[in-house]
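In: Dropping a prediction and its sequence here:
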Amino acid sequence: MATQGVTETPNDLTAQIDVATPIEMVRLLRQCDAQIFCGWKTWPSITDEEMISQLAEASTKLRAMFEETSDTLVVFSGAGTSGRLAFFCAQAFNSCMPQRVRTRFEYLIAGGDKALNEAQEQSEDSVDNGVRDLKKKLELQDWDDKSSDVPQGKYCRVLYVGISCGLSAPYVASQMEVMMKLEKAGLRYDCVVVGCNPLSLARSVPIPGWHSSFKDVASRIHPPHQLINPVVGPEAICGSSRMKGGSVTKMILETIFTLASRQAFLPEAPPITPLDVLSWYEITSRCTYEKPSKLAEIIQSAGESLSLGKRILYVSEDVHLSLLAVIDASECPPTFGALPTDVQAIFQHQQAIFPPSLRATPRPCAGDTLVVLTTGDGCELVQQWKGEASSVHVVSIGEGRVDMGERGLRICLPRRGTLPGLNNLTEMACKWILNAVSTGAHVLSGKILGNRMIDLKLSNHKLWDRAVGLVAEEARVGRDRACACLIRIVYQRDHDWTKLLQDPVAQHVSAAFAGKRVVPRAILLALREKTRPCTVAEVSEEIEAQPRLGLFFSELRQ
């Protein structure tokens, strides 16, 4: 069995977050996010010298591209949260670029634009889609990547940034290999890989239908290519790399862009280092968690709404805060097994750069919690969108003090961003708030056992492996027995299921994708069959009667 990566390891800090009060949750999340800067165990953090050096080197490459007189291209690519942040940062950086500069930022996301607000995690496993999407973006569709021919590229320089927090996504691995082949053929095409696992713990399981594992490809990264992989510690909710993993990804991309832009476009500005930029993020983190009781109130309200079968709705007048709300909402179904309607973002912005699928205007109803995200006082948004919502909370983020009274939470930052026109520190504070609200609410509604996602969707190879481990650990059985229980649940079999054990994981994932509460039912099946034979129908009926799965299993094991 492959060694477990840091991103798939439970965090000792949050081992009992499922029984924590809302304010205790906020304090635990604050401690987890602090690990981004102070590090975890003996691994290098983002502020270690080797990581600072890598950030400086990447910014130097980007600055050189800004100075080219021919077209240059930067491609951010990832799957799931990583792809959504690739989209977010590409849009933000393009809006800051002087017209005279011939560098364009583009993004790729596994599953295409549909994945921006609706999880398409099966696409993470497709190496063919990864290669196809990258070749199309580089305008090299006719190039045979298996040949030795040197293609004629449109761009004089390309910087590809592949993002995979766990160093595991096949979609990204295939693109890394293509970029290294192009550079070896003599093109000025650089590859930078961003992750949160040590290389030694990158995914080493061979990618189905391909010749390598992610670790095989990543191990071939040598100059001029780079691996930037600070270890920020396990997530507060095990495997939920949308949290710290997503935050540090955003920091890395924005730090590289900030340094390159200041050097190229603001020559009169005082020189700064990567450590200077990261210190601004650390201050932002402290400011975000400065009033834990106010944030706890929002979590309590949001949890009550979900427990009643109602919704959490986000709305903002700021386009970038709205996009972060869309990203946070889109992550809840695959992370918690939530319905797509449980957490939604009201997105009204009509700019042509945004796919139509992002636009949504759900109206608040009785029992819903409305979270207003603003850089002002939020009064107009409250009047416009309150509707029949039972609870309305305003989160105001910006420089200076604003008297919110009892109406909401004010996060006062020393600075909004690291560059003129780039309010990335405001955005980071917003992301931390959104992650805390949606995570805490789902904990309160019973979706977490200990600090593990118990009702996750089995939508790709990585999540199948995670589910096998979860069933094995919670039922205290071996992995083979855990896998057998999952297969019985997925295929609804009490007999004639043993031959299915030999089928490929991709087939199991396809069969499990539409299933409900697959993992909880498999855990209960494994537990019940320790003492007596049990049918799939029996455990399914028992699980359906349990609204709070975490509490149910905690009591069952006592």
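Out: Sure thing, it's come through.
In: helices or strands up against the longest strand along the chain?
Out: Longest strand of the chain, by residue count under DSSP state E: strand 391-399. Packed against strand 391-399 by the contact rule (3 or more Cβ pairs under 8 Å, 6 or more residues apart in numbering; DSSP states H and E) you find helix 292-307, strand 369-374, helix 379-385, strand 408-413, helix 424-444. Every residue, glycine included, has its C-beta placed from N, CA and C.
In: gap between the fourth one and the chain center?
Out: I take that to be strand 408-413. Taking Cα atoms, centre = their mean, to the nearest Å, one finds strand 408-413 lying 24 Å from the centre of the chain it belongs to.
In: of the helices and strands packed on strand 391-399, which approaches Gln175 most closely?
Out: For the helices and strands packed on strand 391-399, proximity to Gln175 was assessed by Cβ to Cβ; helix 424-444 is nearest, at 25.3 Å.
In: What average pLDDT does that closest one get?
Out: The predicted model assigns helix 424-444 a mean pLDDT of 97.
In: just stretch 394-402 next, same as before
Out: Here the average pLDDT along stretch 394-402 is 86.
In: what's in contact with that stretch?
Out: Outside stretch 394-402, the residues that touch it by Cβ atoms under 8 Å, 6 or more residues apart in numbering are 298, 321, 371-378, 381-382, 404, 407-416, 426, 429-430, 433.
In: For that stretch, which residues meet the burial criterion?
Out: Across stretch 394-402, burial judged by 16 or more other Cβ atoms under 10 Å covers 394-398, 402.
In: Equivalent analysis for stretch 182-198, please.
Out: Within stretch 182-198, the residues that count as buried by 16+ other Cβ under 10 Å are 182-183, 187-197.
In: Check stretch 421-439 too.
Out: Going by neighbour count (16+ other Cβ under 10 Å), the buried part of stretch 421-439 is 422-439.
In: who touches Lys136 in this structure?
Out: Listed by Cβ under 8 Å, 6+ apart, the contact set of Lys136 is empty.
In: now Lys310
Out: Neighbour list for Lys310: 365-369, 390 [criterion: Cβ under 8 Å, 6+ apart].
In: how about a cut-off of 7 Å?
Out: Going by Cβ atoms under 7 Å, 6 or more residues apart in numbering, Lys310 touches 367-368.
In: Please apply the same query to Val194.
Out: Contacts of Val194 (Cβ under 7 Å, 6+ apart): 161, 163, 228, 249, 252.
In: Not counting its neighbours along the chain, what's nearest the one residue sitting closest to the centre of the chain?
Out: By Cα atoms, centre = their mean, the chain has its centre lying nearest to Arg242, at 2.6 Å. The shortest distance from Arg242 to any non-neighbouring residue, by Cβ to Cβ, 6 or more residues apart in numbering, is to Thr81 (4.2 Å).
In: Ok, Glu183 next?
Out: Glu183 sits nearest to Tyr189 (Cβ to Cβ, 6+ apart), 4.8 Å away.
In: separation between that neighbour and Leu182?
Out: With distances taken as Cβ to Cβ, to the nearest Å, Tyr189 is found 4 Å from Leu182.
In: Then Ile523?
Out: From Ile523 over to Leu182 the distance is 46 Å, taken as Cβ to Cβ.
In: Turn the contacts of Val194 into TSV, columns for pLDDT.
Out: Converted to TSV, the contacts of Val194 look like this (pLDDT from 0 to 100):
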residue	pLDDT
Val161	98
Ile163	98
Ile228	98
Thr249	98
Ile252	98
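In: Buried members of the residues you listed into ChimeraX, please.
Out: In ChimeraX, this line selects whichever of the contacts of Val194 come out buried by 16+ other Cβ under 10 Å:
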select :161,163,228,249,252
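In: Pull the number of nearby residues for Arg100.
Out: Other residues within reach of Arg100, judged by other Cβ atoms under 10 Å, total 7.
In: swap in His495?
Out: 7.
In: any idea of the pLDDT on it?
Out: pLDDT, read off for His495, is 92.
In: Distance check, it against Pro533.
Out: According to Cβ to Cβ, His495 stands 11 Å off from Pro533.
In: likewise Val437?
Out: As judged by Cβ to Cβ, Val437 and Pro533 stand 43 Å apart.
In: Need the contacts of Val194 in JSON lines (columns: distance to Ser45 and secondary structure).
Out: Below are the contacts of Val194 laid out as JSON lines (distance: Cβ to Cβ, whole Å; DSSP: H, G, I helix; E, B strand; the rest coil):
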{"residue": "Val161", "distance to Ser45": "20", "secondary structure": "strand"}
{"residue": "Ile163", "distance to Ser45": "18", "secondary structure": "strand"}
{"residue": "Ile228", "distance to Ser45": "12", "secondary structure": "strand"}
{"residue": "Thr249", "distance to Ser45": "15", "secondary structure": "helix"}
{"residue": "Ile252", "distance to Ser45": "12", "secondary structure": "helix"}
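In: Closest one of the contacts of Val194 to Asp113?
Out: Nearest member of the contacts of Val194 to Asp113, counting by Cβ to Cβ, is Ile163, at 17.0 Å.
In: Surely that closest one and Gly246 touch.
Out: No. Counting by Cβ atoms under 7 Å, Ile163 does not reach Gly246; the two are 9.5 Å apart.
In: what do those two both touch?
Out: Common contacts of Ile163 and Gly246 (Cβ under 7 Å, 6+ apart): Leu85.
In: Parallel or antiparallel, list what pairs with the longest strand of the chain.
Out: Neighbouring strands of strand 391-399 in its sheet, by DSSP bridges, are strand 369-374 (parallel), strand 408-413 (parallel).
In: right, so the ones you listed: which one is the most enclosed?
Out: Ranked by mean neighbour count, those are led by strand 369-374 with a mean of 26 (mean count of other Cβ atoms under 10 Å).
In: hang on, the earlier thing: tell me who's in contact with the residue nearest to Glu183.
Out: By Cβ under 7 Å, 6+ apart, the contact list for Tyr189 reads 158, 160, 179, 182-183.
In: The stretch 51-200 of the chain: strands as residue ranges?
Out: 72-78, 103-109, 157-163, 189-194 (DSSP state E, counting those that start in this stretch).
In: With distance to Arg479 added, can I get these in a markdown table?
Out: Listed next are these as a markdown table, based on distance: least, Cβ to Cβ, whole Å:
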| stretch | distance to Arg479 |
| --- | --- |
| strand 72-78 | 29 |
| strand 103-109 | 32 |
| strand 157-163 | 29 |
| strand 189-194 | 29 |
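In: can I assume the residue nearest to Arg242 is in contact with Val248?
Out: No. The criterion here is Cβ under 7 Å, and Thr81 misses it with Val248 at 11.6 Å.
In: more crowded one of those two?
Out: Neighbour totals were compared for Thr81 and Val248, and Val248 leads with 28 against 25 (other Cβ under 10 Å).
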